[in-house]
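Enquirer: only the shape, not the letters, is given here:
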């Protein structure tokens, strides 16, 4: 009888441990997903900034183009 009780106790602890691990895994997955989204947004912002800088550089390289000198 003791083995049956201890066996069930062990199974419950095992199931509880698995449940906690699964919950933690889901939380980590959610955090990683948010991190990836923020990274993608940052990459897009950086790309847009580089494009603006290139336009400004092109504009400043030949500021006299189209003007009488």
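Expert: Cool, got the structure. Model, not experiment: these values are computed from the prediction.
Enquirer: output the below-cut-off pLDDT ranges for the chain.
Expert: Within the chain, the set of residues satisfying pLDDT under 70 comprises 1-9, 62-69.
Enquirer: residue 56: how many residues sit nearby?
Expert: By other CB atoms under 10 Å, 10 other residues sit near residue 56. C-beta coordinates here come from the backbone N, C-alpha and C atoms, glycine included.
Enquirer: from residue 25, how far off is it?
Expert: Shown here: residue 56 relative to residue 25, a distance of 47 Å by CB to CB, to the nearest Å.
Enquirer: hey, where'd the helices end up in this protein?
Expert: Under the criterion DSSP state H, helices of the chain are mapped to 2-61.
Enquirer: residue 51: neighbouring residues, count only.
Expert: Neighbour number of residue 51 under other CB under 10 Å is 10.
Enquirer: that one and residue 57: what is the separation?
Expert: Distance from residue 51 to residue 57, counting by CB to CB: 11 Å.
Enquirer: repeat that for residue 50.
Expert: Note on residue 50: its distance to residue 57, by CB to CB, is 10 Å.
Enquirer: for residue 23, same thing?
Expert: Going from residue 23 to residue 57 by CB to CB gives 51 Å.
Enquirer: likewise residue 21?
Expert: Residue 21 is 53 Å from residue 57, by CB to CB.
Enquirer: how many residues are close by residue 33?
Expert: Using other CB under 10 Å: residue 33 sits among 10 other residues.
Enquirer: got the contact list for it?
Expert: The contact partners of residue 33, taken as CB atoms under 8 Å, 6 or more residues apart in numbering, number zero.
Enquirer: I'd like the numbering to begin with 782 instead of 1 from here.
Expert: Understood, numbering begins at 782; the last thing we discussed is residue 814.
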